[in-house]
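Participant: From the sequence below, what's the structure:
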Amino acid sequence: MVEAFAVASGKGGTGKTTSTLALGMALADEYDVTVVDADTGMANLLFHTGLDDATVTLHDLLVEGTATDVSEATYDRFGMSVVPCGTSLAGFEAADPARLRAVVAELAGDTDVLLLDSPAALASKSAVLPVVLADRVVIVVEPTIPALSDGLKVQEYARSYGTETAGVLLNKVREEAADVAEGASRHFGGPVLANVPDSDVVRAARRNGEPLLAHAPDSEPAARYRDA
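Facilitator: Okay, here's the model as predicted:
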């Protein structure tokens with residue numbers, strides 16, 4: 001039976017896409033994993049997976065009246081099925097975010113784990129939809145008080161729709177933020193899944209268009225994601 005996770009945060013730039021792909025590759029060692037870039041306005045998963053030139057994306061699946069099949073927007077990458085989203089303004093304007101529900105339902109019929117790389121969940125009401133569709137949410141936050149506050153708002157949104165917290169993933173952790181990271185578990189409904197250190201290797205993977213676990217599988221951040 002499939003389990004769907006939204007990987008979410010309260011603002012952009014926390015490392016949701018890096019985290020989604022890292023968790024996906026780790027889980028793909030044991031499960032069939034499908035990753036969807038559900039951020040229809042600020043998509044960037046395609047840049048992390050070498051799909052910059054993908055001709056069919058989630059945007060095409062969200063346009064009413066098109067004959068595009070889900071399989072046409074699904075690509076095999078790094079041991080996972082990946083559904084990227086386009087980055088054009090025209091594609092964003094033509095897409096109907098409400099159609100994501102039907103796309104997710106179809107993808108769920110052919111996978112074990114579904115990971116939804118979500119938009120910043122506080123950006124708009126439509127941005128909350130991936131969290132609504134998920135069984136549980138992984139909340140990605142940086143170890144600062146404002147970021148934790150935003151993460152807690154995401155958790156509140158999720159719970160209001162019946163989506164529980166799988167856990168919190170602390171990203172870009174520096175040594176001086178250790179105390180904040182340590183206290184995070186007291187505030188969230190799920191465990192701290194990992195403290196992922198701030199690292200140049202993560203930025204290098206992004207520049208090279210590869211998921212972290214493909215670019216630097218033996219790195220400390222990769223090990224933390226596998227633990228998560």
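Participant: So what does Ser9 have for phi and psi?
Facilitator: Here is the backbone geometry of Ser9 (degrees, to the nearest 10): phi -150, psi 170.
Participant: so how far is Glu175 from Glu3?
Facilitator: Glu3 is 34 Å from Glu175, where distance means Cβ to Cβ, to the nearest Å. Placement of C-beta: from N, CA and C, glycine included.
Participant: separation between the residue located most distally from the centre of the chain and Asp96?
Facilitator: Distance from the C-alpha centroid of the chain peaks at Gly65, with 27.5 Å (Cα atoms, centre = their mean). As judged by Cβ to Cβ, Gly65 and Asp96 stand 10 Å apart.
Participant: what secondary structure does the residue farthest from the centre of the chain sit in?
Facilitator: coil (DSSP: H, G, I helix; E, B strand; the rest coil).
Participant: can you check the one 3 residues further on too?
Facilitator: At Thr68 the chain is in coil, as set by three-state DSSP.
Participant: Residues contacting the longest helix along the chain, please?
Facilitator: Across the chain, the longest stretch assigned as helix under DSSP state H is helix 145-160. Residues from elsewhere that reach helix 145-160, judged by Cβ atoms under 8 Å, 6 or more residues apart in numbering: 6, 8-11, 14, 121-122, 128, 131, 134, 137, 139-141, 164-165, 168, 180, 184, 187-189.
Participant: you'd agree Ala166 is up against Val138?
Facilitator: Yes. Ala166 lies in contact with Val138 (Cβ atoms under 8 Å); the separation is 5.1 Å.
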